[in-house]
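[1] predicted model, plus sequence, below.
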Amino acid sequence: MRERYIVRQPVKNEKNQIIAYEILYYGENQAYGNSDESSNEFAVADTVYSFLMHNVEKSLTDAVHFMTFTTTLLMKKTPALFPKEKLVIQIDDSVVIHPLALRFVQQYARDGYKIAVNEFQFAPRYLSLIDFIDYIKLNVKTISGASAENIVNLARSMNKKVIATNVDDKELYDTALRMGMDAMEGSYVAKQMATKAHSSGYLQSNFFRLMVAVVKEEPDMEEIEQIISMDATLTYGLLRVANSAYFTTNKITTIRQGLVTLGISQLKQWIYLLSTTNANDEIDETAEEFLKLSFMRASFCSELMRYAKNMPISRSDAYLMGMFSTLEHLIDAPMEEILSTVPIAEEIKAAILRHEGRCGQLYDLTLSYEEADWEKITKHAEELGIPTHTLTTVYFNCTESVNATWKQMISPQQPGTEELEG
C-alpha cells in the first residue's frame, strides 16, 4: 500500500508568526498542494474528498487554511465542506486554463470565499480572474528577483497579498524577505522559530484557570493535572519544585507524581508565588505559538507511542519529550541546561538535544510531519514500526484535541489570523 499523508504546513509573516496554514497532500507518489498535477488526479481527488468528508471538523478549526483544489475537487464542490472564513481556495494554472473550473472559482469568490493562485503570472489567461484573486503565491526557487518585486508592487497596488512558497533554506528565506513578501512557507519556514518569546512563559488565561481550580473547597487533582499538562512552562516549573531537596530525594518524573509530592497546600503556595512574581507580565503572541506547538508535539508523540515498537520510554515520557521541545524559546537558558534541572529519562534528553536513539526517531517523525518532509516521514515511521496509513488520522485527531482544549484557554480569535485578511 502506497503512503498517503495530509499535513498542515504553517504560513508565517516576516516576524515568524503563524498567520495561516496550508493543507498539503501526498499520495500515489505525488505531492498535492504544490504545483505538480498528475494523470492520477481523479484517484487522488477521491482520496482527498473521502478524507475531508470525515475529518473536516478536525482540519480547519483554529486558523485560516489554504488548500489547493484541482478541477475534479472543484467540480465535486469540495470547498463547500468548509466555512468560508476558514478556507482560502487555492488553484494552479491547470484550473485557470479550464473554462468550467474557472467559473466554479469565480462563483466561490462571489459567495465570499478567498482565492489564491499558485505561481501567478500577469498573463492574458489570468485577466478574467484578476478581480477575484486575494492572494498571489510565488515560487522563490523559480522566479527572478526583479520579476518578483514587480509582481509584489503591482499586487499591493491592487490590494492583494503575496506569499513566497518553497522557502526551503535560509538563502531562500532571506531572498523572500528582500523581495518584500507578505508571508512565506516551506520546510525552512516550518521549522524556523524566533530566538526567544520574551514573556513570562506560561499562558495567563491557563494560569488563572489553575488558580481557580486549586482554591476550590475540594480541588479536583485530575483537573489540576490536565491544566498543567497543557502548558510547557508550568509542567517544567512543577517538576523543578517537586524535585527540590526540600520536598523529596526521589526522582519525580510525571505531573501526577509532582502533585502528590507537593500536596494541595504547597501547590497553592507555588501558584501564589508565580502569580506575584509575574503579575505584570503578559505573554506575547510568539510565546503563545510556542506553547501551542509544544502541546501539539506532546499529544502527537504520546499517541504515536500506541503504534511504535520497542520503545524504551512510556507514553507519559513521550508526552514530556514533545512538551519540553520548545522550552529554550520560553526560558532564557540553553536547552541542555534546562533539561539538566529536571529528572527526565536520558533517552528523552538524547532525543531532544542530539536526535539520538529510537526516541530521537520518534521526535524526528514529529518534526518531519510539521515540515511536510514526505521522505523522512515514511523513513522514520518504518523504522519505528508505525503503520504509515495511521499517521494522518493520528495527526488530525491530535489537532482536533489540541484545538478544542486550546479554545478553553484563549479567546476565540487566534493571534495573527486577521493579519492576512486585512
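    Happy to help now that I have it. Numbers count the residues shown, from 1 in each chain.
[2] what mean pLDDT does the helix or strand hosting residue 102 get?
    Element membership for residue 102 (DSSP states H and E) is helix 99-110. Taken as a whole, helix 99-110 carries a mean pLDDT of 88.
[3] which helices and strands does that helix pack with?
    Secondary structure elements in contact with helix 99-110, counted by 3 or more C-beta pairs under 8 Å, 6 or more residues apart in numbering; DSSP states H and E, are helix 71-75, strand 87-91, helix 93-96, strand 114-118. Every residue, glycine included, has its C-beta placed from N, CA and C.
[4] which one of the ones you listed is the most hemmed in?
    Highest mean neighbour count among those (mean count of other C-beta atoms under 10 Å): strand 87-91, with a mean of 24.
[5] residues contacting the closest residue in space to residue 135 that isn't next to it in sequence?
    Ranked by C-beta to C-beta, 6 or more residues apart in numbering and with sequence neighbours excluded, the top spatial neighbour of residue 135 is residue 116, at 3.7 Å. Residue 116 sits next to 66, 88, 89, 90, 91, 133, 134, 135, 136, 137, 163 when contact means C-beta atoms under 8 Å, 6 or more residues apart in numbering.
[6] wait, which of the helices and strands packed on helix 99-110 is closest to residue 336?
    Proximity to residue 336, assessed across these by C-beta to C-beta, is greatest for strand 87-91 (40.6 Å).
[7] what about the closest residue to residue 348 other than its chain neighbours, how many neighbours?
    Of all residues beyond its chain neighbours, the one nearest residue 348 is residue 321 (4.6 Å), with distances taken as C-beta to C-beta, 6+ apart. By other C-beta atoms under 10 Å, 27 other residues sit near residue 321.
[8] need the residues that contact the helix or strand encompassing residue 321.
    Secondary structure from DSSP H and E places residue 321 in helix 315-324. For helix 315-324, contacts defined as C-beta under 8 Å, 6+ apart pick out 229, 232, 235-236, 253-254, 294-302, 304-306, 311, 313, 338-339, 342, 344-345, 347-348, 351-352, 359, 362-363, 366.
[9] could you rerun that using 6 Å?
    Under the contact criterion C-beta atoms under 6 Å, 6 or more residues apart in numbering, helix 315-324 has outside partners 232, 235, 254, 294, 297-298, 301-302, 305, 344-345, 348, 351.
[10] what residues of whichever helix or strand comes after it count as buried?
    For helix 315-324, the following helix or strand on the C-terminal side (DSSP H and E) is helix 335-340. The neighbour-count check on helix 335-340 (16 or more other C-beta atoms under 10 Å) flags 335, 338, 339 as buried.
[11] neighbours around the nearest residue to the first one once chain neighbours are set aside, how many?
    What it means is residue 335. In this structure, residue 335 finds its nearest non-sequential neighbour in residue 328, 4.1 Å apart by C-beta to C-beta, 6+ apart. Other residues lying near residue 328 total 20 when counted by other C-beta under 10 Å.
[12] just residue 378 next, same as before
    Residue 378 is flanked by 18 other residues according to other C-beta under 10 Å.
[13] state the helix or strand in which it lies.
    Secondary structure from DSSP H and E places residue 378 in helix 374-384.
[14] which elements pack onto that helix?
    helix 357-371 (3 or more C-beta pairs under 6 Å, 6 or more residues apart in numbering; DSSP states H and E).
[15] show the average pLDDT along the helix it packs on.
    On average, helix 357-371 scores 95.
[16] how about low-confidence regions in the stretch 251-400 of the chain?
    272-287 (pLDDT under 70).
[17] for the helix holding residue 378, buried residues please.
    Within helix 374-384, the residues scored as buried using 16+ other C-beta under 10 Å are 374, 376, 377, 378, 380, 381, 384.
[18] also stretch 20-27?
    If you call a residue buried by 16+ other C-beta under 10 Å, then stretch 20-27 has these buried ones: 20, 21, 22, 23, 24, 25, 26, 27.
[19] now do stretch 296-316
    296-305, 308, 311, 313, 316.
[20] how is the chain divided into domains?
    4-192, 204-277, 289-386 (automatic domain parsing).
[21] closest one to residue 404 among the ones you listed?
    Nearest to residue 404 among those is domain 4-192 (8.0 Å), distances taken as C-beta to C-beta.
[22] can you get me the start-to-end distance on the closest one?
    In domain 4-192, first residue to last residue: 25 Å (C-alpha to C-alpha, to the nearest Å).
[23] ranges for the strands of this protein?
    Along the chain, the stretches classed as strands by DSSP state E are 4-12, 18-27, 30-32, 65-68, 87-91, 114-118, 135-139, 161-165, 183-184.
[24] output those in JSON lines, with mean pLDDT and distance to residue 370 appended to each entry.
    Shown next, in JSON lines, are the strands of the chain (pLDDT from 0 to 100; distance: least, C-beta to C-beta, whole Å):
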{"stretch": "strand 4-12", "mean pLDDT": "85", "distance to residue 370": "8"}
{"stretch": "strand 18-27", "mean pLDDT": "83", "distance to residue 370": "11"}
{"stretch": "strand 30-32", "mean pLDDT": "46", "distance to residue 370": "16"}
{"stretch": "strand 65-68", "mean pLDDT": "89", "distance to residue 370": "15"}
{"stretch": "strand 87-91", "mean pLDDT": "92", "distance to residue 370": "20"}
{"stretch": "strand 114-118", "mean pLDDT": "93", "distance to residue 370": "22"}
{"stretch": "strand 135-139", "mean pLDDT": "91", "distance to residue 370": "20"}
{"stretch": "strand 161-165", "mean pLDDT": "93", "distance to residue 370": "17"}
{"stretch": "strand 183-184", "mean pLDDT": "94", "distance to residue 370": "15"}
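[25] any chance of a markdown table for those strands, columns distance to residue 390?
    Below are these laid out as a markdown table (distance: least, C-beta to C-beta, whole Å):
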| stretch | distance to residue 390 |
| --- | --- |
| strand 4-12 | 11 |
| strand 18-27 | 14 |
| strand 30-32 | 20 |
| strand 65-68 | 22 |
| strand 87-91 | 26 |
| strand 114-118 | 30 |
| strand 135-139 | 31 |
| strand 161-165 | 29 |
| strand 183-184 | 31 |
